[in-house]
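> below is the structure, and that's it, no one-letter string:
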């Protein structure tokens, strides 16, 4: 299908999209970040999927008005985003970079974000409390951000995105680098936000975490729209390829022995330099589902989980060449 | 592109197309940004480094006093308060703070948190500049006063109206640091190597060319501050063999041929010139900031 053809959305001709890209390209000098992208994202949760360098962050930065499109137009809630500061009252962004005002406490950071969002003193205090409660950080709000774990930092970033009660949320790789428990909690939070009526565009390079959140996905590769629609059909393609999942933990050899007993694990490769394992499986859903339990059982502490890009890249190649 | 069935979208109520954040909300956001920036200045180690640098003149005065009690106070005032501070410290302080107005946030990748707020980019720059001026002017005024205290505390010879001179020096240095901050703030939007360019500018223009009796010194900040100082304060040292002017030979004021300083601008012109140039730099920088997109490094790019 021609990527420049306007999307046909069944039964939705009268509904404006929440995010609309019309023939958008973004170049960084000679490098193309986004290539002639036409996309209409409706309300609800949408997964933005693609390998590293696919253009996901560029797309989100364009959608939040941080970047100016080299060509085409970007609209959010029916309004142009570039140099439209007042639109920022209605949108929230959880950026990919792990950057904070490190000297602040979690509460201070979220409260300052609320104040920067234009809330008054009392309203900001209440909003910060609510946002921290929503992401489960109330207990740790008095600690300095510098001492937070990766999961706590991700939750705090999410809290600053939520604090001014936006209509649309852009979450850039919110689950990256988190442990299985934090990952499950963050997914619960995102699903709860969706159930509260927020529109969420969440980016990831791991299909299996996105599909837990939403059946609606957009696939990008090399700045181009590869596919959009239901996750089921993409999944069928993915499952033809073995899935590689990397687990980082101190006792990786002990963990390898346990994992090899699982029937859906086809192989385990020890990555001694990174103190981790690469697990090969054709049933990633079942594997991911069991990870929090494994982590909580106390048998071993998994510090980080991430999916290797290679097989997703293979699916993209398959889709592009189809 | 692969065609995959698309889901039924949810209905959603949008904000009206003409929606704008209320003025009160925008002002609160700007005030929060001002407070945040001042807090950033206070939390970094930078202000401590600046304080140590600013304590240098007072420390040197105390050292000289401990070695010899016969050094005239007027000479020390001139050397430390009117040579060392404006020529060496003020450009350095302004360069370090002014160059970081946007670049620091960009380097630390926290700029994103400001760009996604209901604050226009020109407002962002302007408020951060104002906060930077607050910090630098406060540091300058405080440590200029401290230098005066060190010079005249228990001094054998005290010139007239020391408090008045101290206040004038504080005001003059504040004016200079405002001009430098606005200049280096603009410079930081023109080049990524602001520190290098700023040091070269300070050394060549403010350090070398401003000390030569050439027209080029008219484009330096320090020239105007010297003219204001010379026109408003006497820099005369009374010695047993007569009185002599400390400033005119060093600042290249040819008072023998031009005793009324007719070749030099008046005080009002100098003040307006510095304020006007500062304002022009600030407006130009805010304009550039409003039109620019800022690339914050993502982990991928790193």
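Noted; the coordinates are in hand. These numbers were taken from a predicted model, which means no experiment stands behind them.

> what comes up buried for the longest helix seen in chain A?
What stands out as the longest helix in chain A, according to DSSP state H, is helix A:180-195. Neighbour-count burial for helix A:180-195 flags A:180, A:182-187, A:189-190, A:193-194 (criterion: 16 or more other CB atoms under 10 Å in any protein chain shown). (C-beta placed from N, C-alpha, C; glycine too.)

> touching, residue A:33 and residue A:54? I think so.
No. With contact defined as CB atoms under 8 Å, residue A:33 does not count as touching residue A:54 (9.8 Å).

> joint contacts of these two?
Any residue near both residue A:33 and residue A:54 by CB atoms under 8 Å, 6 or more residues apart in numbering or on different chains counts here, and that gives residue A:223.

> neighbour-wise, which of the two wins?
Neighbours were counted for residue A:33 and for residue A:54 using other CB atoms under 10 Å in any protein chain shown; residue A:54 has more, 27 against 23.

> doesn't that one fall inside a strand?
No. Using DSSP: H, G, I helix; E, B strand; the rest coil, the assignment for residue A:54 is coil, not a strand.

> OK, contacts around it?
Going by CB under 8 Å, 6+ apart, residue A:54 touches A:205, A:220-223, A:316.

> swap in 7 Å and give it another go.
Residue A:54 makes contact with A:220-222, according to CB atoms under 7 Å, 6 or more residues apart in numbering or on different chains.

> same check on residue A:303?
Contacts for residue A:303 (CB under 7 Å, 6+ apart) come out as A:179, A:248-249.

> quick check: it is in a strand.
Yes. Residue A:303 forms part of a strand when assessed by three-state DSSP.

> do you know the pLDDT at it?
For residue A:303, the pLDDT comes out at 83.

> hang on, residue A:23 is in a strand, isn't it?
Yes. Counting by three-state DSSP, residue A:23 falls inside a strand.

> burial check on it, number of neighbours?
14.

> number of nearby residues for the closest residue in space to it that isn't next to it in sequence?
Closest residue to residue A:23 apart from its sequence neighbours, by CB to CB, 6 or more residues apart in numbering or on different chains: residue A:72 at 4.1 Å. Residue A:72: 16 surrounding residues under other CB under 10 Å.

> now do the strand or helix carrying residue A:72: which elements does it pack against?
Using DSSP states H and E, residue A:72 sits in strand A:71-76. On a contact count with 3 or more CB pairs under 7 Å, 6 or more residues apart in numbering or on different chains; DSSP states H and E, strand A:71-76 meets strand A:19-28, helix A:56-63.

> got these as CSV, with distance to residue B:241 columns?
Listed next are those as CSV, based on distance: least, CB to CB, whole Å:
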stretch, distance to residue B:241
strand A:19-28, 70
helix A:56-63, 72
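
> is stretch A:29-41 positioned near chain B?
No. Contact of stretch A:29-41 with chain B (CB under 7 Å from any CB of the partner chain) is absent, the minimum separation being 8.6 Å.

> what comes up buried for that stretch?
Residues A:32-41 are the ones in stretch A:29-41 that count as buried (16+ other CB under 10 Å).

> so which residues make contact with the longest helix of chain A?
For helix A:180-195, the surrounding residues in contact (CB under 7 Å, 6+ apart) are A:44-45, A:134-136, A:151, A:154-155, A:158, A:169, A:171, A:174-175, A:178, A:200, A:202, A:212-213, A:291-292, A:295-296, A:302, A:305.

> just the pLDDT at residue 192, thanks.
In the absence of a named chain, this looks at chain A. Residue A:192 carries a pLDDT value of 90.

> actually chain B
90.

> same check, this time on residue A:273
84.

> okay, now it: neighbour count?
6.

> how much space is there between it and chain B?
Between residue A:273 and chain B the distance is 20 Å, computed by CB to the nearest CB, to the nearest Å.

> quick check: buried residues in the longest helix along chain B?
For chain B, the longest helix by residue count, based on DSSP H, is helix B:121-152. Residues of helix B:121-152 classed as buried: B:121-133, B:135-137, B:139-141, B:143-148, B:150-152 (neighbour count, 16+ other CB under 10 Å).

> C-terminal to it, what's the next element?
As assigned by DSSP H and E, the chain's next helix or strand after helix B:121-152 is helix B:162-190.

> which bits of the stretch 101-250 of chain A sit near chain B?
Taking CB under 7 Å from any CB as the measure of proximity, the stretch 101-250 of chain A contacts chain B at A:101, A:103, A:112-113, A:115-120, A:160, A:167, A:199, A:215-216, A:225-230, A:233-234.

> does the residue in the stretch 151-300 of chain A positioned nearest to chain B lie in a helix or a strand, and which?
Using CB to the nearest CB, residue A:229 is the residue of the stretch 151-300 of chain A that sits closest to chain B, at 2.9 Å. Using DSSP H and E, residue A:229 falls within strand A:224-230.

> circling back: now do the contacts for the residue nearest to residue A:23.
By CB under 7 Å, 6+ apart, the neighbours of residue A:72 are A:21-25.

> could you rerun that using 6 Å?
Counting by CB atoms under 6 Å, 6 or more residues apart in numbering or on different chains, residue A:72 touches A:22-24.

> thanks again, I'm all set now.
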